[in-house]
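K.L.:
sharing a model that was predicted from the sequence below.
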Amino acid sequence: MIDIKFLRENPDIVKENIRKKFQDEKIALVDEVIALDAESRKAKQEGDSLRASRNKISKEIGALMAQGKKEEAEQKKAEVAANARRLAELEKLEPDLQEKIAKIMMVIPNIIDASVPIGKDDSENVEIQKYGEPTVPDFEVPYHADILSSISGLDKDAAGRTSGNGFYYLMGDAARIHSAMISYARDFMIDKGFTYCIPPFMIRSSVVNGVMSFAEMEAMMYKIEGEDLYLIGTSEHSMIGKFKGEIVKESSLPVTMTSYSPCFRKEVGSHGIEERGVYRVHQFEKQEMVVLCKPEDSMNWYNKMWSYTVEFFRNLDVPVRTLECCSGDLADLKVKSCDIEAWSPRQQKYFEVGSCSTLGDAQARRLGIRTKGENGTYYVHTLNNTVLATPRGLIAFLENNVNADGSIKIPKALRPYMGGKEKIMPNVK
């Protein structure tokens, strides 16, 4: 959510930003907010004037009564009564106007960074850089579900019976690799100086509304029936929500945290849920990183954060690239975002394994997260980035570490979490 003062003073900039995001249907909202804001400020001004007048007239009535001027005092009392009725109307009008303004402001997109490429959707995202050689081996890389099956590591049939489509059982060495990757991601981020956290896996609607747009919430989140609780789609939500309504000490900034959580998503959309594999599922696990910082430090942290994910995957011998998200692919709260994509030797193309975003003060403004410095109180900036989301990260690992004989190489970084194993052999048929 952008600052109402900025919108009031720069309506043309806000409208142009909406055009850059190809959301022209929202342009009229800018003028609507300005009109409501003017009405709200006028109502507040009149209300303040009436309150001041009430106090002044009350003193005059006392003086008139003391002088025995009862008739004049009664006239003043009638004036006070009329003012009170008008004040009651204004005191009802003011919050109604503020509610209307807030509702509209929640759907006006954040101002994107000047460096963001302009494009309608993810097909116009721009490659930034490749890391590692995207090689294609001289043997056919199996589908990831077949690699998992070769080590008796995947059971979707049983998951279908217990939970339905979009769920899975990981078994044996497959489950162990999965856990090893999560554990390594945790320790990798701790070594970067981040504080490890396991957050709540359910959050209230007030937090959901603070961290994402209504459209995203509707498409992603599972609601707990009969309660004001949602299952998290990413731990970023509860991590940022931890600071809701707080004034964070400026001396404690930046706050750097890394969190583990299961995540739950509806995955509503054109892609649908994958029948055989585990690329798109309802439940997965994730290691996330979140930063709260001063505004002037946010872009520096943004660049650090995506580079950590690149480093993590390179330590697993997975080639990756970074992709700059264009304006039309940015969620409404985001200022700038890039995807980290892993190389798929089977498909001979890259696919998304993580996303890094800076949201400016949009989330902090919605949730009331501030800090106090020499120049007064201000909103912090928030950033988030995926270290590892698995099983998608597991797919990247498997495809890039499977050998011609069906064995799976364990990179050095994971061996301490795999009991020293250097290789996993397929089952003998």
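P.N.:
Done, it's in.

K.L.:
please count neighbours and contacts with C-alpha atoms only from this point.
P.N.:
OK.

K.L.:
show the pLDDT at the residue lying farthest from the centre of the chain.
P.N.:
No residue in the chain sits farther from the centre than Gly68, which is 67.7 Å out by Cα atoms, centre = their mean. Per-residue pLDDT puts Gly68 at 76.

K.L.:
A helix includes it, no?
P.N.:
No - applying DSSP: H, G, I helix; E, B strand; the rest coil, one finds Gly68 to be coil, outside a helix.

K.L.:
can you report phi and psi for it?
P.N.:
Note on Gly68: backbone dihedrals following degrees, to the nearest 10 are phi 80, psi 10.

K.L.:
give me the distance between the helix or strand bottoming out on mean pLDDT in the chain and the centre of its chain.
P.N.:
Scoring the helices and strands of the chain by mean pLDDT, DSSP states H and E places helix 214-220 at the bottom, with a mean of 74. With Cα atoms, centre = their mean, to the nearest Å as the basis, helix 214-220 stands 12 Å off its chain's centre.

K.L.:
do the same with stretch 389-398
P.N.:
On Cα atoms, centre = their mean, the centre of stretch 389-398 falls 21 Å from that of its chain.

K.L.:
what about Arg321, which SS state?
P.N.:
Under three-state DSSP, Arg321 comes out as strand.

K.L.:
could you point out which element follows the least confident helix or strand of the chain?
P.N.:
Later in the chain than helix 214-220, the nearest helix or strand by DSSP states H and E is strand 222-223.

K.L.:
point out the other helices and strands that that next one packs with.
P.N.:
strand 230-231 (3 or more Cα pairs under 8 Å, 6 or more residues apart in numbering; DSSP states H and E).

K.L.:
let me see the mean pLDDT of the strand it packs on.
P.N.:
For strand 230-231, the per-residue pLDDT averages 94.

K.L.:
give the other helices and strands that it contacts.
P.N.:
Strand 230-231 packs on strand 202-203, strand 222-223, going by 3+ Cα pairs under 8 Å, 6+ apart.

K.L.:
quick one: the helices in the stretch 301-429 of the chain?
P.N.:
Ranges of helices in the stretch 301-429 of the chain, per DSSP state H, counting those that start in this stretch, are 362-367, 392-401.

K.L.:
now tabulate those helices in CSV and tack on mean neighbour count, mean pLDDT and distance to Ile182.
P.N.:
Listed next are the helices of the stretch 301-429 of the chain as CSV, based on neighbours: other Cα atoms under 10 Å; pLDDT from 0 to 100; distance: least, Cα to Cα, whole Å:
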stretch, mean neighbour count, mean pLDDT, distance to Ile182
helix 362-367, 25, 95, 27
helix 392-401, 24, 97, 10
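
K.L.:
go through those and name the closest to Ser152.
P.N.:
helix 392-401 (14.0 Å; Cα to Cα).

K.L.:
got the confidence number for the closest residue to Thr377 other than its chain neighbours?
P.N.:
Closest residue to Thr377 apart from its sequence neighbours, by Cα to Cα, 6 or more residues apart in numbering: Thr371 at 5.6 Å. Looking at Thr371, its pLDDT stands at 97.

K.L.:
circling back: TSV for the helices of the stretch 301-429 of the chain, including distance to Asn300?
P.N.:
Below are the helices of the stretch 301-429 of the chain laid out as TSV (distance: least, Cα to Cα, whole Å):
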stretch	distance to Asn300
helix 362-367	18
helix 392-401	26
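
K.L.:
which residues in the stretch 301-429 of the chain form strands?
P.N.:
Taking DSSP state E, counting those that start in this stretch as the test, the strands found in the stretch 301-429 of the chain are 320-324, 336-344, 349-358, 370-373, 376-379, 381-390, 408-409, 423-424.

K.L.:
can you list the strands that the last one pairs with?
P.N.:
In the sheet containing strand 423-424, its partner strands are strand 408-409 (antiparallel), by DSSP bridges.

K.L.:
try the third one
P.N.:
Strands adjacent to strand 349-358 in the sheet, as given by DSSP bridges, are strand 336-344 (antiparallel), strand 381-390 (antiparallel).

K.L.:
make TSV out of these and add mean neighbour count and mean pLDDT.
P.N.:
Below are the strands paired with strand 349-358 laid out as TSV (neighbours: other Cα atoms under 10 Å; pLDDT from 0 to 100):
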stretch	mean neighbour count	mean pLDDT
strand 336-344	26	98
strand 381-390	27	96
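
K.L.:
quick one: closest of those strands to Arg51.
P.N.:
Of all these, strand 381-390 comes closest under Cα to Cα, at 37.7 Å.

K.L.:
helix 392-401 and that closest one, what's the angle between them?
P.N.:
50 degrees (axes from the mean of the first three to the mean of the last three Cα atoms, to 10 degrees).

K.L.:
pLDDT score assigned to Pro295?
P.N.:
96.

K.L.:
distance of the residue lying closest to Ile4 once chain neighbours are set aside from Ser357?
P.N.:
The shortest distance from Ile4 to any non-neighbouring residue, by Cα to Cα, 6+ apart, is to Met105 (7.9 Å). To Ser357, Met105 is 21 Å away according to Cα to Cα, to the nearest Å.

K.L.:
elements contacting the helix or strand where Glu60 lies?
P.N.:
In this structure, Glu60 sits in helix 27-66 according to DSSP H and E. Using 3+ Cα pairs under 8 Å, 6+ apart, the elements in contact with helix 27-66 are helix 4-9, helix 11-20, helix 70-105.

K.L.:
now with 7 Å?
P.N.:
On a contact count with 3 or more Cα pairs under 7 Å, 6 or more residues apart in numbering; DSSP states H and E, helix 27-66 meets helix 11-20, helix 70-105.

K.L.:
weakest of the ones you listed by average pLDDT?
P.N.:
Mean pLDDT, when computed for each of those, is lowest for helix 70-105, at a mean of 85.

K.L.:
I'd like to know which elements the helix or strand following that one is packed against.
P.N.:
Beyond helix 70-105 on the C-terminal side, the first helix or strand identified by DSSP H and E is strand 126-131. Applying 3+ Cα pairs under 7 Å, 6+ apart, one finds that strand 126-131 makes contact with strand 320-324.

K.L.:
now do 10 Å
P.N.:
helix 298-314, strand 320-324, strand 336-344 (3 or more Cα pairs under 10 Å, 6 or more residues apart in numbering; DSSP states H and E).

K.L.:
between those, which gets nearest to Pro142?
P.N.:
strand 336-344 (10.9 Å).

K.L.:
quick check: angle from that closest one to strand 320-324?
P.N.:
Using the same axes, to 10 degrees: strand 336-344 against strand 320-324 is 150 degrees.
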